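# Generate coordinates for the sequence data below:
(chains A and B)
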Amino acid sequence: MEGLNVADANLAVYIHPSKAGKVSQAILRQLSTLLFKYIEVFDGVVLAYDVTFRDKNAKVLPGINSYFGVKLKAKMLLFSPKPDMLLEGKVVKLGKEALHVIVLGFSSACIAEEDIREEFHYRIKHGEEVFASTSHRRHVIKVGSMITFSVKSFDEEILHISGSLIPENTGSTKWLHKHVEEGSIVERSIKKQKQKDDRSKMQEHCTGILDNAGLSLNAEDQPKKTKSQRII
Amino acid sequence: MGVELATERPGFYEMADIDVSDSELVYHVRDALKSVSQGDSDRYNQLIAVMHYTGRLAPDEVAMLVTSLKALSGSISYIDIIHHESLLSSIFGMSMWNYGPDVMDALVELIISLAASNGKFVDSCLDMLVRNFMPPKSYLDLLGHPRGLARKHEVLDRVHSALSHIADLVPLAPMRLTPIILQRMPHMFDKEALIVIYVESMLLLESSALGELVGSTMLMALVDRLIDLDVEISWDDIIHEDSGKGIFDMELEDVDDIIDHAEIDGFEHPRGTAGSQILGTNAVADKLDSLMVLICEHLKSCADGERLTKVFETLLQSFWVTVLNAYKSKFSQFVMFYACSLDPEHCGERFAVFLADIFVCRTHPALTRMSAVAYLASYLSRGKFLPLSLIASTLKRLVDWCLEYCHVQNGEEKTINLEAHRVFYSGCQAIMYVLCFRMRSMMDSHRLKSQLLHMPLEPIFCHQLDPLKVCLPSIVEEFLRQAKAAHLFTVSETFLFNNLLESDLSKAFGGMERLDMFFPFDPCLLKKCDRFIRPSFVYWSMVKTTYDDGEDCSSEEDINEYFDGNGKSYMESGITRSLDEHDLDLDEFEYQLNKMSITPRNSLKNGLIFKLENPFRMPARIRPSTSPESL
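Numbering: from 1, shown residues only, chains lettered A, B, ... in the order given. I've put the predicted structure just below:
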C-alpha cells in the first residue's frame, strides 16, 4: 500500500514546569495529541512515533510561565495519501450508488458510482449486495472484502478519502494478488516487497510505543478493534 | 401530461406518473441538482419545498417526502455543499419528532449516507442528530402522554442507531461528536424536561458501543452540570444563623422562624417575597434532583452490567477535578456515595483510600486536603455498607499521620498559629467525628476494640497543639463523652471540655470557607434521589453510642442516668433520642423539605428551655447542614 512512510524529525516539545518531575510522560502525552491528525508540517497524518532525546539540557523560556523546551529526535510513521496512489481498505457498506471503505482502521473512504469502472455491476447474489466483475467471474467485491483503490482526493480535516475504482489495477485485493498478468509480475513483486518493508517498519515502531494502539495491518483487521484504541 | 396536484403544495412529481421507478426518480433528482449550477432552480426549489412539509401530513405528502428523501440518498455524490446549501440546511433543520416512522427511516438513511460520503458533511449530520435528542419545544408537554412516549422511543432509537452507524462508517466521527454534544447541552436555566431528555441521551451514549470513546466525557460533563446546579442553590435557604444548635442536636426550628428570619434580614428578592425566593431555588433543586436520579439509575444499570468499576474511575476523576474543590458542594457528592454503595468492596474502598491519599500527601493545597478529610470523615461515618475493618484501617492512617505531625512539632510556641496547623486540626476533627459514629461498633468487636485501644489517641489530643480546644465544640464534646464511657483513655477531669468561647477557634482553623463545619454527607435533602441513598445511609438516630447502655427508653430515664459531675447534662442527647422515637410524619416531612430548609419540625419546647438554662451549651455560629435525623 502506498501513502505510508517513515520520516525523521527534529522536534522541540515545550513542557510546563509542573511536569518537570515526569518529563518523559509529559513528552509522550504532548506527542500523542498529534496522533490521527493531519499535521501540515509533516504533510501527513501521524500514526506512530518513536522518540529519543537529543540533549539532556532544556532551555527555559523567559516569561511568566517558564516552559522549558526539550529537544527530541523522532521517527514518525506518516500517512499521506496523494491523488493516484493505490490504497487498501476494507469495505464496510455497499450500495448501488456508493462503496464505503475504511483504510487502516481510522480513515473513511467513499467510492461513488461514477468512479467504479464499467466492468463492475451492482448485483444481489445470494441475498447479498455485491459488485461483480462482468469479465472475471470470481472477481467480486462485497461487504468485508479488502479492496485496492486509487485516491482521488483527501480531506485533511476529517481524514476522508474520495476513491476510484477506474484504474485497471484496482479491485478486490485478494483477486488481484492471485490473478496477475505476465507483464506485471515483476511490478507486483516489487510492490509486494515494498509492502513487506513498510509493514515491518511499522511493526518495529508500533510495538512498545503506543501500548494500546496495536495498529495491525493484517487483512483480517476489524475496524472495531483499532477504533477502541483511538485517542480522542 | 399529468394532472396537477389539487393541494396547496406544489407537487414534485406529476400524479399521473405514479408508477415511475426508483431509478427514474433518482435521475430526476440528479437532474434537478445538476441544473442548479446551470441556473435552472425550479425543480430544485420544488424539492426544497417538499422538505418543508409541516404539520399533519396527508398520506400522499408522506409518500412524496419519503420518495424524495430516498431519491436524495441515491444522488449523494451530486449534492454540492455550496450550490445546494439551501437544500442541505432544510434537511439538517428537519426534526424527526414531527414525522412518522417511514419518514424518520428515510431521513436517517439520508443523513448516514451524507455523513459517509463526504467529510464536509460529517459535522452537520452529527449536529442534526444531536439536535434530535430533544423534541421541539411545543412537543415537551406531550412527552407525558403515551403517544408522546411512543414517539420519543421511535425517535431516540433511530437517532442512536444512526450515530452508531456513522461511527462504523466514519471511524473518527466520535471524536467530532463529543464537542457537538457538549455544545448543544441545554443551559441550566432551560426547562427541566428538556434537560432531562437530553441527559437521558447522553447516558444512553455512555452505555452504548460508542461509550468506550465518548463515555467518560459525557460523565464528566454531567458532573460539571450537577455542580453548576448545586452552586445555584443558596446555603441561605438551608442554614440559618441560630444559637444553641450543635451537630448532634435534634432540635429543629420552626418553619415560620425561617420565613421570619428571611424577612428580618431584609432579603430583597427580584422575584418578590421570601416565599417565592425559596420556590425559585426549588426549581433548581428539582432539576438537580432529576439529574441525580437519572445518574443513579444509570449507575445501577452499570453495576448490573458489571461495568461499574470502569465507570467509577471516571466518576472519581470527575469528583477530584470538579466536586472536591467546589465550595461546599451540597448534594452532588451523593452520586459518589451511591456508586460506592453499589460496590462496597471495590468502589467503596477505592473512594476511602483515594480521599485518605489526598489528605496525607503534602503536595496538595491545604484547602484540598481539608476538604478531602471532611469528605472522608463524613463518608466513613455515614456509609452503612462500609466494613468496620476498612473504617478502622483508614482511621489508623489518619491517627498515624496526626501522630507523626505531633512529633515533628516540638517548638515551645507561646501562641499557636491555628491557621498554620489547620490540616492537623481538620485531621483530628475527622478522627473524632468518625469515632462519634463508630466507636460503639468498634468497641463491640473484640479485634477492633483492641486496635482502637492501642491507637495513640492520647498523645495527639493531649499535645501542645491542643486539638480538643480548637476543634468544633459539639464534636469534641460528643467524642469525649463517648470516650469516657468507653474508657478509651485515661484522662483527668482537666482535659474534659470546658470551653465557652471556643467556636472562634474552630472558625480560625476552618478559615473563611468554614471547612471546620463541612459535613458533605449529611442527609440528602433532595426528595427524589433520596430513595437511592436512604438504604445505605447511617442516620445519627441509628447510631448506638458508648454511653447508651439501655435500649429505647423514655426521655426521663435518659436524663436521670447520664448526668455527669460537671453539671453538664446529657439531657440534650436524651432529648435527642426521644425525638428520634417520634415517627416523623411523612407529609410534614415533604412539606418541610419543600421549604428547602433542614426538614424542621416543630421542636419540643422543652428543648429550647433547656438551652436557655444550660450555660455550658456552646452556641455554634453557623449551623452546618444537619438532617432530619430520624427515619
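
# For chain B, which residue gets nearest to chain A?
Across chain B, no residue is closer to chain A than B:G119, which sits at 3.2 Å (Cβ to the nearest Cβ). Yep, even glycine has a C-beta here, placed from its N, CA and C like the rest.

# pretty sure that residue contacts A:E157?
Yes. B:G119 is within contact range of A:E157, at 6.4 Å (criterion: Cβ atoms under 8 Å).

# Comparing the two, which residue is more hemmed in?
Per other Cβ atoms under 10 Å in any protein chain shown, whichever of B:G119 and A:E157 has more neighbours is B:G119, with 24 against 13.

# mind listing what the more buried one touches?
By Cβ atoms under 8 Å, 6 or more residues apart in numbering or on different chains, the contact set of B:G119 is A:108, A:155, A:157-160, B:170.

# and chain B, what are its domains?
Split into domains by automatic domain parsing, chain B comes to B:1-92, B:335-605.

# So for the shortest one, mean pLDDT?
Right, the one you point to is domain B:1-92. Domain B:1-92 shows a mean pLDDT of 79.

# next one: stretch B:176-187
pLDDT averaged over stretch B:176-187 gives 94.

# Show me how far that stretch is from its chain's centre.
Put simply, stretch B:176-187 sits 20 Å off its chain's centre (Cα atoms, centre = their mean, to the nearest Å).

# Tell me the first helix or strand C-terminal of the helix or strand in which B:I431 is found.
Here B:I431 sits within helix B:422-444, counting by DSSP states H and E. As assigned by DSSP H and E, the chain's next helix or strand after helix B:422-444 is helix B:446-454.

# Show me which residues of that following helix are buried.
B:448, B:451-452 (16 or more other Cβ atoms under 10 Å in any protein chain shown).

# helices or strands up against it?
Here helix B:446-454 touches helix B:388-408, helix B:422-444, going by 3 or more Cβ pairs under 8 Å, 6 or more residues apart in numbering or on different chains; DSSP states H and E.

# Just say which of these is most tucked in.
Of all those, helix B:422-444 has the most neighbours on average by mean count of other Cβ atoms under 10 Å in any protein chain shown, namely a mean of 24.

# Show me what that one is packed against.
If you count contacts as 3+ Cβ pairs under 8 Å, 6+ apart, helix B:422-444 packs onto helix B:366-382, helix B:388-408, helix B:446-454, helix B:457-461, helix B:467-470, helix B:473-486, helix B:503-510.

# Please convert these to CSV, extending it with mean pLDDT.
Converted to CSV, the helices and strands packed on helix B:422-444 look like this (pLDDT from 0 to 100):
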stretch, mean pLDDT
helix B:366-382, 94
helix B:388-408, 94
helix B:446-454, 90
helix B:457-461, 88
helix B:467-470, 86
helix B:473-486, 88
helix B:503-510, 71
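
# who in the stretch 101-250 of chain B is up against chain A?
Contacts of the stretch 101-250 of chain B with chain A, taken as Cβ under 8 Å from any Cβ of the partner chain, map to B:113, B:116-120, B:122, B:167-172, B:174-176, B:178, B:212-214, B:217.

# Narrow those residues to just the buried residues.
B:113, B:116-119, B:122, B:167-172, B:174-176, B:178, B:212-214, B:217.

# related to what we said a few turns ago, make TSV out of the helices and strands packed on helix B:422-444 and add distance to B:F337.
Converted to TSV, the helices and strands packed on helix B:422-444 look like this (distance: least, Cβ to Cβ, whole Å):
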stretch	distance to B:F337
helix B:366-382	7
helix B:388-408	15
helix B:446-454	23
helix B:457-461	27
helix B:467-470	27
helix B:473-486	21
helix B:503-510	23
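
# Just the contacts of B:G119: which are in strands?
A:108, A:155, A:160 (DSSP state E).

# Of those residues, which fall within the contact range of chain B?
By Cβ under 8 Å from any Cβ, the members of the ones in strands among the contacts of B:G119 lying near chain B are A:108, A:155, A:160.

# Spatially nearest residue to the spatially most central residue of chain A, not counting backbone neighbours?
Among the residues of chain A, the one closest to the centroid is A:L104, at 4.5 Å (Cα atoms, centre = their mean). Closest residue to A:L104 apart from its sequence neighbours, by Cβ to Cβ, 6 or more residues apart in numbering or on different chains: A:F79 at 6.7 Å.

# What is the nearest of the ones in strands among the contacts of B:G119 to B:V199?
A:S108 (29.7 Å; Cβ to Cβ).

# Surely that closest one touches A:I102?
Yes. Contact criterion Cβ under 8 Å: A:S108 and A:I102 qualify, at 5.8 Å.

# More neighbours: those two, which one.
Ranked by neighbour count (other Cβ under 10 Å), A:S108 and A:I102 place A:S108 first, with 29 against 24.

# so who does the residue nearest to that one when sequence neighbours are not counted touch?
Once flanking residues are discounted, A:S108 sits nearest to B:V170: 4.3 Å by Cβ to Cβ, 6+ apart. If you count contacts by Cβ under 8 Å, 6+ apart, B:V170 has them with A:108, A:158, A:160, B:115-116, B:119, B:122.

# how about those, which pair is most distant?
A:I158 and B:A116 (10.9 Å).

# Overlap in contacts, the two.
Joint contacts of A:I158 and B:A116 (Cβ under 8 Å, 6+ apart) are A:108, B:170.

# Tell me how many other residues crowd residue 125.
Let's take chain A. Applying other Cβ under 10 Å, we find 10 residues neighbouring A:K125.

# was after chain B, sorry
26.

# ok so it is a strand residue?
No. With DSSP: H, G, I helix; E, B strand; the rest coil as the criterion, B:C125 is located in helix rather than a strand.

# and it, what does it touch?
By Cβ under 8 Å, 6+ apart, B:C125 lies in contact with B:92, B:111-112, B:114-115, B:166.
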